[in-house]
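Trainee: no FASTA, just this:
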């Protein structure tokens, strides 16, 4: 499965204004999410859906950081924040990395964007070492949450930017071996959640 052309085109057009629209609004949440990973110095970290690189300045120095994004226009802007980060163009639903090579995976505003969030989360878990952690920030529904407006607009905005009806618990249930360490409201009165996952050490 590949991301549809409308979504790729939208983020190509969005790239020049992405930082202005999203950067200041999400900076504190991104910082808190990264801090929750604890001890990233010296570790190998994947920025899964790196976008324009808003997370790059928030990372501690001294580690090995890899960023991947589908949209070339977003990656061109991430280059300006380089700091030694290795950037690749690729699909979050089919990561071009071996199993278990990363100590941590950061997925900020990507899981609700891709057409198949189950596949994207499973791929992140695959490339994560046992005991490693995944930091998520995105707009997720909770089980049983009605949210009629979010469900109504999701088919349209999902083609252009992001889905608004993803129930995280349903995604997680199809990705065995991941345990929720933290789950907190993040932005917009709980529309967004910060979730920290850990990969079971049994998955060796």
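Mentor: Great, that's in hand. Quick caveat: nothing in here was measured; it's all calculated off a predicted structure.

Trainee: ok, and the closest non-adjacent residue to residue 119?
Mentor: residue 93 (4.5 Å; Cβ to Cβ, 6 or more residues apart in numbering). Using the backbone N, CA and C atoms, a C-beta is placed for each residue, glycine as well.

Trainee: was I right to think that neighbour contacts residue 120?
Mentor: Yes: counting by Cβ atoms under 8 Å, residue 93 does reach residue 120; the two are 5.0 Å apart.

Trainee: list residues touching both of the two?
Mentor: Common neighbours of residue 93 and residue 120, counting by Cβ atoms under 8 Å, 6 or more residues apart in numbering, are residue 114.

Trainee: could you point out the longest strand in this protein?
Mentor: Ranked by residue count, the top strand of the chain under DSSP state E comes out as strand 128-139.

Trainee: give me the buried positions along that strand.
Mentor: By neighbour count on 16 or more other Cβ atoms under 10 Å, the buried set for strand 128-139 is 128-129, 132-139.

Trainee: kindly reformat the residues you listed as TSV and extend each row with pLDDT.
Mentor: Formatted as TSV, the buried residues of strand 128-139 follow (pLDDT from 0 to 100):
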residue	pLDDT
128	98
129	97
132	97
133	98
134	98
135	98
136	97
137	96
138	94
139	91
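
Trainee: and the residues you listed, which two are furthest apart?
Mentor: Comparing all pairs in those by Cβ to Cβ, the longest separation belongs to 129 and 139, at 28.2 Å.

Trainee: which ones are touching residue 170?
Mentor: With contacts defined as Cβ under 8 Å, 6+ apart, the neighbours of residue 170 are residue 143.

Trainee: please redo it, this time with the cut-off set to 10 Å
Mentor: For residue 170, the contact set (Cβ atoms under 10 Å, 6 or more residues apart in numbering) comprises 117-118, 140-141, 143.

Trainee: show me the strands in the protein, by range?
Mentor: Going by DSSP E, the chain shows strands at 44-48, 64-69, 86-89, 102-108, 128-139, 178-187, 192-199.

Trainee: now those strands in JSON lines, with distance to residue 76?
Mentor: Shown next, in JSON lines, are those (distance: least, Cβ to Cβ, whole Å):
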{"stretch": "strand 44-48", "distance to residue 76": "15"}
{"stretch": "strand 64-69", "distance to residue 76": "10"}
{"stretch": "strand 86-89", "distance to residue 76": "9"}
{"stretch": "strand 102-108", "distance to residue 76": "19"}
{"stretch": "strand 128-139", "distance to residue 76": "23"}
{"stretch": "strand 178-187", "distance to residue 76": "27"}
{"stretch": "strand 192-199", "distance to residue 76": "26"}
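
Trainee: out of these, nearest to residue 14?
Mentor: Taking Cβ to Cβ, strand 64-69 is the member of the strands of the chain nearest to residue 14, at 12.2 Å.

Trainee: how far off centre is that closest one?
Mentor: 12 Å (Cα atoms, centre = their mean, to the nearest Å).

Trainee: which helices and strands does that strand pack with?
Mentor: strand 44-48, helix 72-78, strand 86-89, strand 102-108 (3 or more Cβ pairs under 10 Å, 6 or more residues apart in numbering; DSSP states H and E).
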